[in-house]
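# build me a structure from this.
(chains A, B, C and D)
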Amino acid sequence: MRALLAAAGVVVDHPGSPRVLDGLDLTLIAGRRLALLGANGAGKSTLLRCLSGALRPSSGAVLVDGEPLRHDRRGLARHRQTVQLVLQDPDDQIVASEVRHDVAYGPTNLGLDAAEVATRVDHALDALGIADLARRPVHHLSFGQRKRVALAGAVAMAPRVLLLDEPTAGLDPAGTVALLETIEVLEARGVTVALSTHDLDLAWRWADEVAVLVGGRAVVGDPGVLLADDDLLRQAALASPWQARVLRAAGAAIPTPRPRDAEDVVAALGIRESAIG
Amino acid sequence: MRALLAAAGVVVDHPGSPRVLDGLDLTLIAGRRLALLGANGAGKSTLLRCLSGALRPSSGAVLVDGEPLRHDRRGLARHRQTVQLVLQDPDDQIVASEVRHDVAYGPTNLGLDAAEVATRVDHALDALGIADLARRPVHHLSFGQRKRVALAGAVAMAPRVLLLDEPTAGLDPAGTVALLETIEVLEARGVTVALSTHDLDLAWRWADEVAVLVGGRAVVGDPGVLLADDDLLRQAALASPWQARVLRAAGAAIPTPRPRDAEDVVAALGIRESAIG
Amino acid sequence: MAGLSLDDTAWTNRWRHRSVAEKSVLSLGLLLVAVTARTPVTGLLVVVVATAVACLGARIPVGTWVRVLLAPASFVLLGVVGIAVTLTPSSTAGSSAAEVWWTGGPFAVTAVSAAQAGETAVRAIAGASAVMLLACTTPMPYLLGALSRVPGFATLAEIGGVVYRMLFGLLHAQARVRESQAARLGFRTPSVARRSIGLLAATTLVRAWTGARRLEEGLAGRAPAGVPFGAPATDALRWAFVVPAAVVVLATGVVGWFA
Amino acid sequence: MHIAEGFLPPLHAAAWTAAAVPFVAHGVREIKRTTATHPESKLLLGAVGAYSFVLSAIKLPSVTGSSSHPTGTGEGAILFRPPVMAALGSVVLLFQALLLAHGGLTTLGANIMSMAVAGPWAGYGVYRLLRFAPWSVAIFCAVAVADLATYVMTSTQLALAFPDPQGGFLASWERFLGLFALTQIPLAIVEGLVGVLLMNALRSWAGPELRGLGF
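Residues are numbered from 1 along each chain as shown, chains lettered A, B, ... in the order given. I've put the predicted structure just below:
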């Protein structure tokens, strides 16, 4: 249980409007999957931008390996080799017109030599399964492909933590499956992944831990517990995932480990095929 | 069963790439909810743009009340009053900077007098529940609010058919519920609604009929049948909704009417609370 | 979304819905008084009147108003240094000591140049406060709507409307791209930063371009291409406002010119 | 390089406004002609205007350490030609005056003359003259010259308004030029370099989109 990245009492204020984040605490443990949940405007993106160093909190601190992040030139430069954020809209992140050039942008800026840059780019393209797109112009790619390019650009920075803002938004079911497979590849390479999402079902299936944003703070806990907590979800303007709803409708408790797929749910309900007329 | 709007053998070609739509047939029946499903790039948006008159098919025809749409000035002007399309990104459709002014854009250009325009705008804002935003600048609104403004702009044209491209994309669960309520209000006013979506669960719960786009054509049928058809869904790079998956895992057939909520599913499984250990 | 504080004030003050003509009488009238003033007293009077009208009439918070004026004021003060400092008179011997206030190397500040600088500073700050009265009380689309009724300006005003509509999305996108460039260390050294700025400017133009094309497609379903976008509604012109406004302007002028 | 509201004496302000009118009118006529045949170009022109506004908000890394903003006049003139820039530039300058308190209404004419007329025409002229030079060289020179022409024009306007008590216009002109040269010459070089990068990126990025502009 190593605290890799943490928010400690983070406050984000925009003058004249209610606080977006109001003393938020959150800890990312190495190798543990965190899903960030909350309604539109609850502050998910703001929190991710704080954690990535893009936004400086009005007060509170971001901690890396227990050390507070310093928002000066050197502190940020180091931080960016530890933490990378992938935005929801890939067009906010792609700066070059050709895939390979874009993925190379970060490593080149690091001042690596050409050979090292090329290795980094190849690895990133491989991890994302888009080696065949390397020489394609970005504006000819589909939305899903551009999402992968943006992700490759972050992966090429070789971060230890990857933050994904709504990574499945706009993807079809096959695209979502492919993304989850990519995340597994990255995790196997030692990257810790946290993501924000509206998709409760995804959070239930994927996460080791969920953080529900309510009133500028995070309620953190086990998905099987928090995502079945109707009071909390109502406050957060969310709904529970279907797995929890089915179990509740059947009057069954949520077992540990929680049932993720249809098969698990059916097993938890204790149904044998023969029992059904 | 009145055929309100139809695509007959619609082909859309982009030179140099495979056909997006390849002889597609589809019929919208008045008062019947149609959900359009397909992977990214399957041609959902292209089809909707054809139906709305924004895109002229390379061959084939769009039929309104059985009459082929003519893509000249007069034909399109009439078509706009019958069919309105709401795009996924509201910023692609909002032209004015103040909500009321934007919603009035379509009706004003129909040549209506000022009083009639004002009535139309008020009705549209009411239907969307955004009367309080009427004088707000668009750039101060959230994404969800801008989506409602774009929808109000279409509703103010008093169309008989409303086509919604990915209306729930980017909305949180509460936003999705609110959208579905709005659709019911519009249906009560006699508007026929069709939408495209990636959300299989939404299609299962909401639609009277689904059209799955595969290979440039549409397979049309009952959601309870098509969304449990694994062969079809695999071809379309889609997955079945959880309701169908749970019933299948339990070895149960899908009853008619199909079970939509967790309660219905549990009932279809024939579980009584006492049966669970 | 990224905002501009002047713009936010224009949308939220108490005079927002007033006819643009009404507010123009007041603001442009005061501007005329400010730039034609013959003594600094007039300029100071314009600042006082504009401030009173903005804060008491339109209920613009005093802090906001001061911040609004601070930007142009600092520009002006920096600018007048270039007027105050002249080259050392070649015939210094001929000038009396009273005329040269300060010398340093080839530069000097003389009584004449200092007076000119002071006069310019007052005129500029007074002018800015008069114009800010309009800028703070009237959202840009309303101004453009009024401009479009002036013969010859319709097309320009209409394009201005599109500029305004696209502005905020583009500012937001530009800020986001810059932020993600920084995240990939795009501003680490000056040469890296120059390349990043070039790429940023290019992406932003592509964004503006594709945004316009997508808007064109999106609007095709709403109205035929090329129809005017029209102007937002404002209240009708009320003489009950115009007459007192004209009186205030005249009074400021008369008091200022003859005081 | 904006001259602030009220900075120029009334007669100068009026004269520069009068001088700007024919250029803007010419640009408006060009735009009207384009929008008559291509109604959708209103949206494109609006997008370009919004882009110019946003571009002027981008901070340039400066050689001297102080931050500065690109004028964008050279790039605009190459892409859209000077008459269009005169009209669009005046819209953008109006926006800057009223949304940023940058520039002014009485000085709008003077600012149009320097930033929407002198800069674009000078840059465009150099770009056409260097037609046969390597493309990057032509872009660099055009952008840098547009930048410099803008500041020479502003200096001229200020010198005419505030002639030196002793040396008159010429002495004052030299003084303003010298004052701005410190910041503007490095800036022109930086903007020239960035301009080349921008145009190169655009050419590879948006070839088909920009073809419609005769680019």
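# just give the nearest non-adjacent residue to the residue in chain D that chain B sits nearest to, would you?
At 8.4 Å from chain B, residue D:43 is the closest residue in chain D, using C-beta to the nearest C-beta. C-beta: built from backbone N, CA, C; applies to glycine. Once flanking residues are discounted, residue D:43 sits nearest to residue C:212: 4.4 Å by C-beta to C-beta, 6 or more residues apart in numbering or on different chains.
# next one: that neighbour from residue C:192, what distance?
Counting by C-beta to C-beta, to the nearest Å, the separation of residue C:212 from residue C:192 is 31 Å.
# also residue A:131?
Using C-beta to C-beta, residue A:131 is found at 26 Å from residue C:192.
# same check, this time on residue C:185
From residue C:185 to residue C:192 the distance is 7 Å (C-beta to C-beta).
# then residue C:219?
To residue C:192, residue C:219 is 40 Å away according to C-beta to C-beta.
# of those two, which one has the most company?
Per other C-beta atoms under 10 Å in any protein chain shown, whichever of residue C:219 and residue C:192 has more neighbours is residue C:219, with 23 against 19.
# show the pLDDT at the closest residue to residue A:263 other than its chain neighbours.
Closest residue in space to residue A:263, ignoring its immediate chain neighbours: residue B:249 at 4.7 Å, by C-beta to C-beta, 6+ apart. Predicted confidence (pLDDT) at residue B:249: the value is 92.
# just say helix, strand or coil for residue D:94.
With DSSP: H, G, I helix; E, B strand; the rest coil as the basis, residue D:94 sits in helix.
# check what pLDDT it gets.
In this model, residue D:94 is scored at 96, pLDDT.
# can you report how many residues neighbour it?
23.
# what's near enough to touch the closest residue to it other than its chain neighbours?
Nearest residue to residue D:94, sequence neighbours excluded (C-beta to C-beta, 6+ apart): residue D:108, at 6.6 Å. Residue D:108 is in contact with D:17, D:20, D:90, D:93, D:94, D:97, counting by C-beta atoms under 8 Å, 6 or more residues apart in numbering or on different chains.
# residue ranges with poor pLDDT in the chain?
Looking at chain A here, since you left the chain open. A:1, A:16, A:272-277 (pLDDT under 70).
# could you do chain C instead?
C:1-3, C:88-98, C:259.
# contact partners for residue A:168?
By C-beta under 8 Å, 6+ apart, the residues touching residue A:168 are A:175, A:176, A:179, A:197, A:199, A:202.
# that one falls within a helix, correct?
No - counting by three-state DSSP, residue A:168 is not part of a helix but coil.
# near chain A, which residues of the stretch 101-250 of chain C?
C:173, C:176-177, C:179-186, C:188-189, C:192, C:196, C:199-200, C:203, C:206-207 (C-beta under 8 Å from any C-beta of the partner chain).
# assign residue D:34 to helix, strand or coil.
helix.
# I figured it was touching residue D:44, is that so?
No - at 9.2 Å, residue D:34 does not count as touching residue D:44 under the criterion of C-beta atoms under 8 Å.
# and the two? Which one has more around it.
Per other C-beta under 10 Å, whichever of residue D:34 and residue D:44 has more neighbours is residue D:44, with 25 against 15.
# which residue, other than its chain neighbours, is closest to the more buried one?
residue C:212 (4.8 Å).
# for the helix or strand hosting that neighbour, packing partners?
If you go by DSSP states H and E, residue C:212 is part of helix C:190-220. Judged by 3 or more C-beta pairs under 8 Å, 6 or more residues apart in numbering or on different chains; DSSP states H and E, helix C:190-220 is in contact with helix A:99-109, helix C:154-183, helix D:41-55, helix D:168-205, helix D:207-211.
# those helices: which one's closest to residue C:34?
Nearest to residue C:34 among the helices and strands packed on helix C:190-220 is helix D:168-205 (23.8 Å), distances taken as C-beta to C-beta.
# pull the distance from the closest one to the chain's centre.
In terms of C-alpha atoms, centre = their mean, to the nearest Å, the centre of helix D:168-205 is found 11 Å from the chain centre.
# report the mean per-residue pLDDT for it.
84.
# buried set for that helix?
Neighbour-count burial for helix D:168-205, counted by 16 or more other C-beta atoms under 10 Å in any protein chain shown, picks out D:171-173, D:175-177, D:179-180, D:184, D:186-202, D:205.
# enumerate every residue touching the residue nearest the centre of chain A.
Taking C-alpha atoms, centre = their mean as the criterion, residue A:195 is the residue nearest the geometric centre of chain A, at 1.4 Å. Taking C-beta under 8 Å, 6+ apart as the criterion, residue A:195 is in contact with A:34, A:35, A:36, A:163, A:164, A:165, A:166, A:167, A:206.
# ok, the fifth one - how many residues close by?
Burial measure for residue A:164: 25 neighbouring residues, criterion other C-beta under 10 Å.
# look up how far residue C:5 lies from the nearest residue to residue C:54 once chain neighbours are set aside.
Once flanking residues are discounted, residue C:54 sits nearest to residue C:60: 4.8 Å by C-beta to C-beta, 6+ apart. In this view, residue C:60 and residue C:5 are 11 Å apart by C-beta to C-beta.
# residue C:198 - nearest residue in space that isn't next to it in sequence?
Leaving aside its sequence neighbours, residue C:198 sits nearest to residue D:197 (C-beta to C-beta, 6+ apart; 2.6 Å).
# which positions in the stretch 101-250 of chain A make contact with chain C?
Residues of the stretch 101-250 of chain A lying near chain C by C-beta under 8 Å from any C-beta: A:105, A:106, A:108, A:109, A:110, A:111, A:139, A:153, A:154, A:157.
# surely the second one is in contact with residue C:184?
Yes - counting by C-beta under 8 Å, residue C:184 is a contact partner of residue A:106 at 3.5 Å.
# compare those two (neighbour count), which wins?
Comparing residue A:106 with residue C:184 by other C-beta under 10 Å, the one with more neighbours is residue A:106, at 31 against 24.
# from residue A:155, how far out is that one?
Applying C-beta to C-beta, the value for residue A:106 to residue A:155 is 9 Å.
# one more: residue C:87?
Residue C:87 sits 60 Å away from residue A:155 when distances are taken as C-beta to C-beta.
# likewise for residue C:37?
Going from residue C:37 to residue A:155 by C-beta to C-beta gives 64 Å.
# neighbour count: these two, which is higher?
residue A:155 (28 against 25).
# which parts of the stretch 101-250 of chain A sit against chain D?
Residues of the stretch 101-250 of chain A lying close to chain D by C-beta under 8 Å from any C-beta are A:137, A:138, A:139.
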